[in-house]
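[1] here are the coordinates; sequence isn't available:
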């Protein structure tokens, strides 16, 4: 444990926020307030929480459909994200996107993308635009290990390295592409060698250790900004909950889930902070109270939100409308 | 300069008109760049971008790997990032490798983001048959793209539109797909020396007539005009409408003509089934049913993958005699 106390507290706070937000979402799903698909980030909080501090507001984020944590850690308000879950027009995507499509252009948060691998080309393009306009920025692109089987992954790794584009590829390896284990979908399960085959700088990180993620992100973003190269990080993590709310979890043993839960990124980090004298009971209680208050306010905000009039249905399909068409 | 003098004309081709448009866009806006397979060193698979690499350099004339999904998606991302990319895809058949990016991202990002994002991307691609390239290089899938809300789809059929649609498309905040029929690249003609941007929202009447409306676009426009010429010899006045914009369709122009002629034939190199011609026909039925004196007829590609052998390909594609025949049928003068 060698991070300063303020950073450690901030990382813990971020993980607690995400955990509490996701637990509330599960509850609200059961209550019928949230519908559609809901993919929870519980267990993977250290990844989003550890990556985002390496970015400035100038940098861009492209995320997956399991992106509530990315959005919150990036700086979207819990209120606007929760309102989006509710389908309210006060939501960050005006209720048009839902859980899988959170956007906030002011945060350069270019969305949850619900096509596995579909966000990678967009990230490559955002980075190309930065490079062509000589802006020293990074685009981070989250995707799961399932995306590694997609052609778009390989096309984008090649293009980013070929053109030396400032993309940080973040592979959240939670071992299961929905219900398909990595070993059942990849001929070679070592993901870093895939990046290496494109001559891309790459590293594997313990995605359950927020400090390790934090340090790896700082190093990778630093390398990208100084050397103008793309970078690949494999973040080994695990989702504690089902893939979505419809998933009976027949594909993985309960003992495996329990085993991973013992490596919970939040409780392990809490313990390390306590051991290092950086956290006491009172501080933890205060953090949790703060988070509980924020989530309660987010739910109240979402509840009080309004439904967009259906008359506006065809809005925002085109920026420029053609009359009579 | 004498203002009464007709504007000076230059002799040129569709291909050169497209290149003039590209050059103008690259000169006028430094956010514009071109990327695609073989657009640089090779000069473009149809030689449209020949010479542009030497003139504008590798940063702005980008040869890409054969990764349609990556470079089309990179165009989307670059557009979000403030650039004005022009992405060239060799043929519409290859664009299927990028369908995910076009349909799931380019067309949806504005809507999914609640209006926060626009994707000012232009995608150019060749389409159509006629060169004995068989079933993986000859199809006309414009109708597929025209099916998708969020996309704007253009089909320049004349030198003026080849020269003028690109700049206007680049000014559009939303994704625009421009279909260039491969048989048009060598089309030669006169173009005003000062030709420039054209509007992209309306169909055009390419020939006026009172007896029957021939509705078409892209590579079939020339065939429709030839058919109209033959019909004129028989005393039949055919009005020829060039749709120009396939999405959104200019229904008003179609209906106005049909209400005048009371008869319509739709000519489309796409297949009949579930295609653009079906859409045009349905709109006529919805908007001008009681003005019709005969059912709408369609002249389309036969329902086969386009074959290689010349006589078989010709049999598969819409041809002038079939258009003349259809026009005569709706006039009950077959």
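    Ah, there it is. Computed from a prediction, not measured in an experiment: that's the story for all the values here. Numbers count the residues shown, from 1 in each chain, chains lettered A, B, ... in the order given.
[2] what are the phi and psi values at residue 253?
    Since no chain was named, I'll use chain A. phi -70, psi 140 (degrees, to the nearest 10).
[3] my bad, chain B
    Dihedral angles for residue B:253 - degrees, to the nearest 10 - are phi -70, psi -40.
[4] now the helices for the chain?
    Going with chain A. A:5-30, A:45-51, A:68-74, A:78-86, A:119-132, A:151-162, A:191-196, A:210-227, A:254-261, A:265-275, A:281-304 (DSSP state H).
[5] that's the wrong chain, I meant chain B
    Going by DSSP H, chain B shows helices at B:14-28, B:52-56, B:68-80, B:92-95, B:99, B:109-112, B:142-146, B:159-171, B:221-233, B:251-261, B:276-288, B:310-316, B:320-330.
[6] nearest to residue B:142, out of the helices of chain A?
    Shortest distance between residue B:142 and the helices of chain A, using Cβ to Cβ, is found for helix A:119-132: 23.1 Å. C-beta: built from backbone N, CA, C; applies to glycine.
[7] any idea of the mean pLDDT for that closest one?
    Taken as a whole, helix A:119-132 carries a mean pLDDT of 98.
[8] by contact count, what packs against it?
    Contact analysis of helix A:119-132 by 3 or more Cβ pairs under 8 Å, 6 or more residues apart in numbering or on different chains; DSSP states H and E lists strand A:60-63, strand A:109-112, strand A:139-144, helix A:151-162, strand A:167-173, helix B:68-80 as its packing neighbours.
[9] export those to CSV and append columns for mean pLDDT.
    CSV is the format used below for these (pLDDT from 0 to 100):
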stretch, mean pLDDT
strand A:60-63, 98
strand A:109-112, 96
strand A:139-144, 98
helix A:151-162, 98
strand A:167-173, 98
helix B:68-80, 98
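[10] for these, give me TSV that also has distance to residue A:234.
    Output for the helices and strands packed on helix A:119-132, formatted as TSV (distance: least, Cβ to Cβ, whole Å):
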stretch	distance to residue A:234
strand A:60-63	17
strand A:109-112	21
strand A:139-144	11
helix A:151-162	12
strand A:167-173	5
helix B:68-80	20
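[11] low pLDDT regions in the stretch 151-300 of chain B?
    Regions of the stretch 151-300 of chain B meeting the criterion pLDDT under 70 are absent.
[12] residue contacts, residue 162?
    Picking chain A for this. residue B:65 (Cβ atoms under 8 Å, 6 or more residues apart in numbering or on different chains).
[13] that's the wrong chain, I meant chain B
    Contact analysis of residue B:162 by Cβ under 8 Å, 6+ apart lists B:14, B:17, B:18, B:21, B:156, B:180, B:184.
[14] residue B:245: which of the helices and strands packed on helix A:119-132 is closest?
    Using Cβ to Cβ, these put helix B:68-80 closest to residue B:245, at 20.2 Å.
[15] which other helices and strands does the closest one contact?
    Where contact means 3+ Cβ pairs under 8 Å, 6+ apart, helix B:68-80 is packed against helix A:119-132, helix A:151-162, strand B:32-36, strand B:84-91, helix B:92-95.
[16] I'd like the distance from that helix to the chain centre, please.
    Distance, stretch centre to chain centre, for helix B:68-80: 21 Å (Cα atoms, centre = their mean, to the nearest Å).
[17] ok, how many other residues are close to the residue lying closest to residue B:94 once chain neighbours are set aside?
    Excluding the flanking residues, the one nearest residue B:94 by Cβ to Cβ, 6 or more residues apart in numbering or on different chains is residue B:68, at 5.8 Å. Using other Cβ atoms under 10 Å in any protein chain shown, residue B:68 has 26 neighbouring residues.
[18] one more: residue A:309?
    Residue A:309 has 9 nearby residues by other Cβ under 10 Å.
[19] again with residue B:239
    Other residues lying near residue B:239 total 23 when counted by other Cβ under 10 Å.
[20] swap in the one 4 residues further on?
    Number of residues near residue B:243 (other Cβ under 10 Å) recorded here: 28.
[21] tell me who's in contact with the closest residue to it other than its chain neighbours.
    Distance criterion Cβ to Cβ, 6+ apart; nearest residue to residue B:243, sequence neighbours excluded, is residue B:217 at 4.0 Å. When contacts are counted by Cβ under 8 Å, 6+ apart, residue B:217 is found next to B:142, B:155, B:157, B:242, B:243, B:244, B:246, B:268, B:276.
[22] and residue A:40, by the same measure?
    A:22, A:25, A:26, A:66, A:68, A:239, A:241, A:242.
[23] identify the residue nearest the geometric centre of chain A.
    Against the mean C-alpha coordinate of chain A, by Cα atoms, centre = their mean, the closest residue is residue A:70 at 3.2 Å.
[24] number of nearby residues for the closest residue to that one other than its chain neighbours?
    Leaving aside its sequence neighbours, residue A:70 sits nearest to residue A:63 (Cβ to Cβ, 6+ apart; 4.2 Å). Taking other Cβ under 10 Å as the criterion, the count of residues near residue A:63 is 29.
[25] now swap in residue B:147 and tell me
    When neighbours are defined as other Cβ under 10 Å, residue B:147 has 16 of them.
[26] mind checking how far the nearest residue to it once chain neighbours are set aside is from residue A:317?
    Of all residues not flanking residue B:147 in the chain, residue B:247 sits nearest, at 7.9 Å (Cβ to Cβ, 6+ apart). Residue B:247 sits 11 Å away from residue A:317, going by Cβ to Cβ, to the nearest Å.
[27] same check on residue B:82?
    According to Cβ to Cβ, residue B:82 and residue A:317 sit 22 Å apart.
[28] ok, the residue lying closest to residue B:63 once chain neighbours are set aside - contacts?
    The spatially closest residue to residue B:63, leaving aside those adjacent along the chain, is residue B:40, at 4.2 Å (Cβ to Cβ, 6+ apart). By Cβ under 8 Å, 6+ apart, residue B:40 lies in contact with B:49, B:52, B:53, B:58, B:61, B:62, B:63.
[29] now the buried members of those.
    B:49, B:52, B:53, B:61, B:62, B:63 (16 or more other Cβ atoms under 10 Å in any protein chain shown).
[30] nearest to chain A, of those?
    The nearest member of these to chain A, counting by Cβ to the nearest Cβ, is residue B:62 at 8.1 Å.
[31] how about the closest one: what's its closest non-neighbour residue?
    Nearest one to residue B:62, counting by Cβ to Cβ, 6+ apart, is residue B:35 at 3.8 Å.
[32] neighbours of residue 117, how many?
    Picking chain A for this. For residue A:117, using other Cβ under 10 Å, the count is 24.
[33] let me rephrase: I mean chain B.
    Count around residue B:117 with other Cβ under 10 Å applied: 22.
[34] correct me, but it touches residue B:79?
    No: using Cβ atoms under 8 Å, residue B:117 is not in contact with residue B:79, being 9.3 Å away.
[35] and the contacts of residue B:40, which two are the farthest apart?
    Maximum distance among these (Cβ to Cβ): 12.6 Å, for B:49 and B:58.
[36] ranking the helices and strands packed on helix B:68-80 by mean neighbour count, which comes first?
    Neighbour counts (mean count of other Cβ atoms under 10 Å in any protein chain shown) averaged over each of those peak at helix A:119-132, with a mean of 29.
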